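1. Quick one, fold the following:
(one chain, ligands or ions: 2)
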Amino acid sequence: LSDKLQMTMRRLTGRGKLDEKDIEEMMREVRLSLLEADVNFKIVKSFTQSVKEQALGEKILKGLNPGQQVVKIVHDELKKVMGDEAEGIRFKINGMTTIMTIGLQGSGKTTAIGKMAVWLRKKEKKKVLMIAADVYRPAAIQQLQTIGKQVDIDVYQEGLIDARTIVKNGLKYASENKYDVVIVDTAGRLNIDEEMMQELKDVKEIVKPDEILLTVDAMMGQEAANVAKSFHDQIGATGAILTKMDGDTRGGAALSIREISNIPIKFSSAGEKMDSLEAFHPERMASRILGMGDMLTFIEQVTDNIDEDEAKNMMEKLMTDDFNYNDLMKQFKMIKRMGSMSKLLGFIPGLGAKLKQARTAIDDKQFDKMEVIIKSMTEEERKNPKLVDQSSKRRERIAKGSGTAVSDVNKLKEALETQKKMFKKMASMDEKELERLQKDP
Ligand code: GDP
Ligand code: MG
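-> Numbers count the residues shown, from 1 in each chain. Ligands and ions are numbered 1, 2, ... in the order given. Modelled structure (predicted):
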């Protein structure tokens, strides 16, 4: 595949802009790659279609050829679908946090519980109790006990009596003995069946879990997504754990699960060792699914450099007097792409990390609103901020046009001024003063 890919790319090299043909050519490779990763074909179709629409007409970044540009867009979109940030466990603010696991037999529930208990103890300093409520196989209880002994985590069990009773008693025991987190191991079947679902519903009713984590065997491929959907439709999962990621699967299941059920994937589990549970990394997963490792590394390097060039230009502009709303808009766009204001400021030579954080004049979250406001300004106003400063009529009109309040427009106006002031001050400082600022912002 990779040879074919390179050939396609070579053919594409040298063209200036993404047209339909470029995209179609590259999309064929992307589609194949996703299918090879065992992503459900319907999802491959809808996903590539939406990316295609997005890519059409997009400018090709300096240093990339059209093929690489398409792959970059696909990769960014995959990351977005997978969830931008890894989500951890939602703990109860007061009292004992309860976690319930669900999933087919053999999907890795019991193993994942042991790993999660270790993770919670190590990373979150929690006292954890595991409750053995898989009462259909004697071996299941023993398995949990063995794991418990191995990693030194307590297990509550009453043998093969009714799961509901065990869970009730177990919770009582946990709160009497001041455990921070309780994880309930439940029974799964090889196939989804009514009785199992009913038992899980009952257990859910009793536990009132803060998290219902669905274990999904990544090796199952696209079938995993359908199983996940049935569990989710009936029990409602708050997150998924992707297990058996140490296998050679590319993990297309992750994409299918997100697209079909929209369950956030919280952990990935790889291997038999009890410390092999990791917070889920959308970025890594996106790369693994796409399976174009070398090219992605290359794209990342190139785009990092572009960011650096652009950021430096922006900084120079910031330090002059004529910084205006158009520049501010560009800055927002860059920040959105790069992640944060702090990162942007990181490109100014001689500024310490502390200063970078301390001097972020605008809350990163406000950007969208600010952009809308700037878009409601006339070109003249954007170029000449004084026009906005001097006329409250203009500010009222801009607020109305952007569906915001005059106070929001004033905030934006202040943001521009604050930035100008701050950077002018920095521009006039000599080396020594900058150094002092770094130590004590
Ligand atoms: P459960 O039936 O859902 O509780 O699944 P288990 O935790 O008992 O796991 C079923 C089988 O898969 C066991 O043989 C585990 O050792 C194995 N297993 C679980 N997690 C992983 C993993 O991340 N990687 C590998 N290679 N095997 C795993
Ligand atoms: Mg089990």
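2. confidence score at the nearest residue to Leu64 once chain neighbours are set aside?
-> The shortest distance from Leu64 to any non-neighbouring residue, by C-beta to C-beta, 6 or more residues apart in numbering, is to Val302 (5.8 Å). Using the backbone N, CA and C atoms, a C-beta is placed for each residue, glycine as well. Per-residue pLDDT puts Val302 at 78.
3. roughly how far apart are Val302 and ligand 1?
-> 35 Å (C-beta to the nearest ligand atom, to the nearest Å).
4. burial measure for that residue, as a count.
-> Per other C-beta atoms under 10 Å, the neighbour tally for Val302 reads 16.
5. quick one: it is in a helix?
-> Yes - applying DSSP: H, G, I helix; E, B strand; the rest coil, one finds Val302 inside a helix.
6. Spit out the contact partners of it.
-> Neighbouring residues of Val302 by C-beta atoms under 8 Å, 6 or more residues apart in numbering: 61-64, 68.
7. Give the buried subset of these as a ChimeraX selection command.
-> Per 16 or more other C-beta atoms under 10 Å, the buried members of the contacts of Val302 correspond to this ChimeraX selection:
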select :64,68
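8. Which ones among the contacts of Val302 map onto helices?
-> Among these, DSSP state H puts Gln68 in helices.
9. For Pro282, state which of the contacts of Val302 is nearest.
-> Checking those against Pro282 with C-beta to C-beta, the nearest one is Gln68 at 20.7 Å.
10. gap between the closest residue to the closest one other than its chain neighbours and ligand 2?
-> Once flanking residues are discounted, Gln68 sits nearest to Ile299: 5.5 Å by C-beta to C-beta, 6+ apart. From Ile299 over to ligand 2 the distance is 41 Å, taken as C-beta to the ion, to the nearest Å.
11. which ones are touching Ile299?
-> Contacts of Ile299 by C-beta under 8 Å, 6+ apart are 64, 68, 71-72, 75.
12. try 7 Å this time
-> 64, 68, 71-72 (C-beta atoms under 7 Å, 6 or more residues apart in numbering).
13. And the next helix or strand past the helix or strand bottoming out on mean pLDDT in the chain?
-> Across the helices and strands of the chain, mean confidence by mean pLDDT, DSSP states H and E is lowest for helix 353-358: a mean of 44. Scanning forward in sequence from helix 353-358 by DSSP states H and E, the next helix or strand is helix 367-375.
14. what's that next one packed up against?
-> Packing partners of helix 367-375 (3 or more C-beta pairs under 7 Å, 6 or more residues apart in numbering; DSSP states H and E): helix 325-338, helix 392-402, helix 406-428.
15. for it, what is the average pLDDT?
-> Per-residue scores along helix 367-375 average to 87.
16. What residues sit buried inside that helix?
-> 367, 370-374.
17. for the closest residue to ligand 2 within the stretch 101-250 of the chain, phi and psi?
-> Among the residues of the stretch 101-250 of the chain, Thr110 lies closest to ligand 2, at 3.3 Å counting by C-beta to the ion. Backbone torsions for Thr110, taken as degrees, to the nearest 10, come to phi -60, psi -40.
18. Quick one: the helices in the stretch 51-200 of the chain, in order.
-> With DSSP state H, counting those that start in this stretch, the ranges of helices along the stretch 51-200 of the chain come out as 66-82, 109-124, 138-151, 163-176, 194-207.
19. Can you tell me which helices and strands the second one packs against?
-> Just to be clear, that refers to helix 109-124. Helix 109-124 packs on strand 97-102, strand 128-133, helix 138-151, strand 181-186, strand 277-279, going by 3+ C-beta pairs under 7 Å, 6+ apart.
20. Go again with 6 Å.
-> strand 128-133, helix 138-151, strand 181-186 (3 or more C-beta pairs under 6 Å, 6 or more residues apart in numbering; DSSP states H and E).
21. and if you look at the longest one?
-> Applying 3+ C-beta pairs under 6 Å, 6+ apart, we find helix 66-82 packed against helix 2-12, helix 20-36, helix 41-55, helix 282-290, helix 293-318.
22. what about 8 Å?
-> Where contact means 3 or more C-beta pairs under 8 Å, 6 or more residues apart in numbering; DSSP states H and E, helix 66-82 is packed against helix 2-12, helix 20-36, helix 41-55, helix 252-261, helix 282-290, helix 293-318.
23. Please identify the deepest-packed of the ones you listed.
-> helix 252-261 (a mean of 25; mean count of other C-beta atoms under 10 Å).
24. averaging pLDDT over each of the helices and strands packed on helix 66-82, which comes out lowest?
-> Among these, helix 2-12 scores lowest, with a mean of 47.
25. Would you mind listing what in the stretch 101-250 of the chain touches ligand 2?
-> 109-110, 140 (C-beta under 5 Å from the ion).
26. Of those, which is the nearest to Thr378?
-> Lys109 (60.6 Å).
27. Let me know how buried the closest one is, in neighbour terms.
-> Lys109: 27 neighbours (other C-beta under 10 Å).
28. got the contact list for it?
-> So Lys109 contacts 101-103, 134, 185-186, 188, 215 (C-beta under 8 Å, 6+ apart).
29. do that again at 7 Å, thanks
-> 101, 103, 185, 188, 215.
30. cool, Lys21 as well?
-> With C-beta under 7 Å, 6+ apart, Lys21 has no contacts at all.
31. So Ile263 versus Phe280, what's the distance?
-> 11 Å (C-beta to C-beta, to the nearest Å).
32. What of Thr320?
-> 44 Å.
33. and those two? which has more neighbours close in?
-> Phe280 (24 against 12).
34. pLDDT weak spots in this protein?
-> 1-16, 84-86, 307-309, 311-312, 315-316, 318-319, 336-365, 423, 426-441 (pLDDT under 70).
35. Domain parsing of it, as residue ranges.
-> What automatic domain parsing lists as the domains of the chain is 2-82, 97-281, 297-439.
36. Give me the distance between the two termini of the longest one.
-> Think domain 97-281. 24 Å (C-alpha to C-alpha, to the nearest Å).
37. for stretch 116-134, same thing?
-> 17 Å.
38. Return the set of buried residues in that stretch.
-> Result for stretch 116-134 [16+ other C-beta under 10 Å]: buried residues 116-121, 126-134.
39. And ligand 1, is that stretch touching that?
-> No - no part of stretch 116-134 sits near ligand 1 under the criterion C-beta under 6 Å from any ligand atom; the closest distance found is 6.9 Å.
40. Please verify my assumption that Glu259 contacts Ile43.
-> Yes - counting by C-beta atoms under 7 Å, Ile43 is a contact partner of Glu259 at 4.7 Å.
41. before we move on, back to that, quick one: closest of the helices and strands packed on helix 367-375 to Thr165.
-> Comparing the helices and strands packed on helix 367-375 under C-beta to C-beta, the one sitting nearest is helix 325-338, at 53.2 Å.
42. any idea of the angle the closest one forms with helix 367-375?
-> Angle of helix 325-338 versus helix 367-375, following axes from the mean of the first three to the mean of the last three C-alpha atoms, to 10 degrees, is 150 degrees.
43. any idea which of the buried residues of helix 367-375 is closest to Glu20?
-> Nearest member of these to Glu20, counting by C-beta to C-beta, is Glu371, at 28.8 Å.
44. Understood, closing this out.
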